[in-house]
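K.L.:
kindly return the folded structure for what I paste below:
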Amino acid sequence: MHQSDYTVLIIDDNSDDITLLERFLSRNLIPIRSITIARKACEGLEKIRNELPDFIIIGEACPDMSRSELLKEISQIISFETVPTLCLVNDEATATLRALRANQIGVVKKSMLTPEKLHDVMRLLMEQTELRVQRKRAEMLFNLLSENSNDAIALTDANGVLVAANKRYLNVFQLDASSIGKQIEFNDYGEVFFKSDHASLSKTWFNDENGNRLELEVKRLFVEERGKRKFMLSLYKEIQTEPYQQTQSHSAQEVAALPEEARLLRELENIHKDAHQTLQVILRVKSKHSPKEKFELLLREHNWRMSILVAASEGVCVSESQLKVNTHQYVKRILDMFQKSPLMRSNIEMKYEGESVWLELSRAILIGLILNELITNALQHAFSSRGGRITVSFFKEKDESISMAVIDSGSGMPFRVETKPPDAMGLVVVGSLTKKLNGKMEVKRHTGTTVRIVFPQKNAANEQVFEAVTMQ
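P.N.:
Purely as a prediction, here's the structure:
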């Protein structure tokens, strides 16, 4: 979690417990921005959908739903792995407590509740949540590297625990799969973890099962959060000695593997950095044209766009030495996300049509942001109580350019939206992102609205700067 101040949602119908929690939270042991109360389960679910709290505290029970039912409903909206959740319980059976903790949910007995106890448990849950998010990011990088390398690769945490390893690593160091999840035997591991330079090369050696000395070149890459190292990727490449070269030689692909991995990692970092800058510009431009009372809503929209970026990264693969994303899989992820959005209604259908196209990751992220604006706009304005359909399609044109369309069967976009902000802020952002793609946008209004964007499949040498476009 990255916030310095947290929004806390309390779901409980016991007034005494609510008062006690508010008093404990007001001690400022944990920086709290706001506390929201829901005295019914259905009210709590609605607040989770609309307000996206940073921390949830659940009391013993609510009149309209049991705790187990409430937790099941919450899990349909958010993941307990990413939103820390704490249950206050009376004397519970050991099996019940075990089940709660197995689902990443914190538990505190009411009889043991003190301001210090509440602080310690909340802080622990927040740190565990943050570590899980960082671990997922580290594992994504590990998978990206290990799928495209013949070298030995290992992912370890700050405590020297082996989080993941490819088969080559296990074979080289004569380990089996049971070693994953255990501390590795490494002299001065902490010294290596905290004092090694990022991406620096060093050498090590070990004796193989036949007693022969095997020399290795190792490159270490670190996953950091706010300047603090959390995970380390170690890439080991064998160094050929003269006798060894007589019996076996590396292919050109093996020789080039490590530089290629480093290049892909650097490319991924640059793409993410550029995407974050684009998200910041969108937030800044939209906040400029929105009243102050809607700023929290803008922040929630910003977090939603962040999840679009993550969805693209989760589907990335390496093709022709480039990071690419499949449009069918990516758009399906986005549509699945919208199915859980508060904007979604049961009488609205969303589907993907057309070809399955591979896009460079940087362009796929821009496409995801465009789809977010167009689908959000359709869900907010296009449909009456009758509902309707939203279709996203991709096709390759004869000149190899890509044609993307978002079609809704709603009431049709009024002509006046092609004016100035804030009336058409969504389309202004779409237009600017389209220019960054070096594409062209066309809007048709007939029995609904069709927004069609045609853009080249590959990046041009000089993309237009998004901020310059949007600020005009």
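
K.L.:
show me this structure divided up by domain.
P.N.:
Described in terms of automatic domain parsing, the domain architecture of the chain consists of the residue ranges 6-130, 149-251, 262-470.

K.L.:
for these, give me JSON lines that also has distance to E139, mean neighbour count and mean pLDDT.
P.N.:
All C-beta spots, glycine's among them, are computed from the backbone N, C-alpha and C. JSON lines is the format used below for the domains of the chain (distance: least, C-beta to C-beta, whole Å; neighbours: other C-beta atoms under 10 Å; pLDDT from 0 to 100):
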{"stretch": "domain 6-130", "distance to E139": "13", "mean neighbour count": "16", "mean pLDDT": "87"}
{"stretch": "domain 149-251", "distance to E139": "6", "mean neighbour count": "15", "mean pLDDT": "77"}
{"stretch": "domain 262-470", "distance to E139": "11", "mean neighbour count": "17", "mean pLDDT": "80"}
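
K.L.:
nearest to R137, out of those domains?
P.N.:
Relative to R137, the nearest member of the domains of the chain by C-beta to C-beta is domain 149-251, separated by 6.2 Å.

K.L.:
quick check: which of the domains of the chain is nearest to A138?
P.N.:
Counting by C-beta to C-beta, and looking across all of the domains of the chain, nearest comes domain 149-251 at 3.9 Å.

K.L.:
ok so, going back, dump the domains of the chain to CSV, plus distance to K136.
P.N.:
Output for the domains of the chain, formatted as CSV (distance: least, C-beta to C-beta, whole Å):
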stretch, distance to K136
domain 6-130, 9
domain 149-251, 10
domain 262-470, 9
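
K.L.:
L29 and P115 touch, don't they?
P.N.:
Yes. In this structure L29 lies within contact range of P115 using C-beta atoms under 8 Å: 6.2 Å.

K.L.:
now R23, what's its secondary structure?
P.N.:
In the three-state summary, R23 is assigned as helix, counting by DSSP: H, G, I helix; E, B strand; the rest coil.

K.L.:
could you check how far it is from T114?
P.N.:
Plainly put, R23 is 11 Å away from T114 if you go by C-beta to C-beta, to the nearest Å.

K.L.:
helix/strand/coil for I153?
P.N.:
Taking three-state DSSP, the label given to I153 is strand.

K.L.:
report the contact partners of it.
P.N.:
Residues counted as contacts of I153 (C-beta atoms under 8 Å, 6 or more residues apart in numbering) are F142, L145, S146, A165, N166, R168, Y169, L233, S234, L235, Y236.

K.L.:
what helices or strands is the strand or helix carrying S432 leaning on?
P.N.:
According to DSSP states H and E, S432 maps onto helix 425-436. If contacts are counted by 3 or more C-beta pairs under 8 Å, 6 or more residues apart in numbering; DSSP states H and E, helix 425-436 sits against helix 257-288, helix 361-381, strand 440-445, strand 449-455, helix 466-470.

K.L.:
figure out how far that helix is from the centre of its chain.
P.N.:
For helix 425-436, the gap between its own C-alpha mean and the chain's C-alpha mean amounts to 23 Å (C-alpha atoms, centre = their mean, to the nearest Å).

K.L.:
now swap in stretch 12-27 and tell me
P.N.:
Remark: stretch 12-27 is offset 33 Å from the chain centroid, using C-alpha atoms, centre = their mean.

K.L.:
kindly report the same for stretch 103-119.
P.N.:
Relative to the chain's own centre, stretch 103-119 is displaced by 29 Å; criterion: C-alpha atoms, centre = their mean.

K.L.:
now the terminal residues of it, how far apart.
P.N.:
For stretch 103-119, the separation between the terminal residues is 21 Å (C-alpha to C-alpha, to the nearest Å).

K.L.:
outside of it itself, list whatever touches it.
P.N.:
Contacts to stretch 103-119, defined as C-beta under 8 Å, 6+ apart, come from residues 17, 20-21, 24-25, 27, 29-30, 60, 71, 75, 80-81, 84-92, 97, 100-101, 121-122, 124-125, 128, 132.

K.L.:
just the residues you listed: which are in helices?
P.N.:
Residues from these lying in helices, with DSSP state H as the criterion: 17, 20-21, 24-25, 71, 75, 97, 100-101, 121-122, 124-125, 128, 132.

K.L.:
tell me the two of those that are most distant?
P.N.:
Taking C-beta to C-beta, no two of those sit farther apart than L20 and R132, at 29.3 Å.

K.L.:
quick check, nearest of the ones in helices among the contacts of stretch 103-119 to K351?
P.N.:
Taking C-beta to C-beta as the measure, K351 sits nearest to S75 out of those, at 25.8 Å.

K.L.:
quick check: the closest one vs R39, distance?
P.N.:
From S75 over to R39 (counting by C-beta to C-beta), the distance is 21 Å.

K.L.:
what does A311 give?
P.N.:
35 Å.

K.L.:
returning to that earlier point: export the contacts of I153 as CSV, with columns for secondary structure.
P.N.:
Compiled in CSV, these are given as follows (three-state DSSP):
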residue, secondary structure
F142, helix
L145, helix
S146, helix
A165, strand
N166, coil
R168, helix
Y169, helix
L233, strand
S234, strand
L235, strand
Y236, strand
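
K.L.:
ok, the residue lying closest to N377 once chain neighbours are set aside - contacts?
P.N.:
With C-beta to C-beta, 6 or more residues apart in numbering as the criterion, N377 has its nearest non-adjacent residue at 4.6 Å, and that residue is G426. Neighbour list for G426: E373, L374, T376, N377 [criterion: C-beta under 8 Å, 6+ apart].

K.L.:
again, only using 7 Å
P.N.:
Shown in contact with G426 (C-beta atoms under 7 Å, 6 or more residues apart in numbering): E373, T376, N377.

K.L.:
likewise L70?
P.N.:
When contacts are counted by C-beta under 7 Å, 6+ apart, L70 is found next to A41, I58, C62.

K.L.:
next one: D17
P.N.:
D17 makes contact with G59, L88 under the criterion C-beta under 7 Å, 6+ apart.

K.L.:
run the last query once more with 10 Å
P.N.:
Counting by C-beta atoms under 10 Å, 6 or more residues apart in numbering, D17 makes contact with I10, I57, G59, E60, L88, K110, L113.

K.L.:
ditto for L374
P.N.:
Shown here is L374, whose contacts under the criterion C-beta under 10 Å, 6+ apart are 390, 392, 404-408, 426-427, 429-430, 449, 451, 453.

K.L.:
now with 8 Å?
P.N.:
Under the criterion of C-beta under 8 Å, 6+ apart, the contact partners of L374 comprise V406, G426, V430, V451.

K.L.:
mind checking how far the residue lying closest to the first one once chain neighbours are set aside is from L201?
P.N.:
To tie it back to what came earlier, the one meant is V406. By the measure of C-beta to C-beta, 6+ apart, the closest residue to V406 outside its immediate chain neighbours is L374, 4.3 Å from it. With the distance defined as C-beta to C-beta, L374 ends up 46 Å from L201.

K.L.:
check T449 too.
P.N.:
The gap separating T449 from L201 is 55 Å, by C-beta to C-beta.
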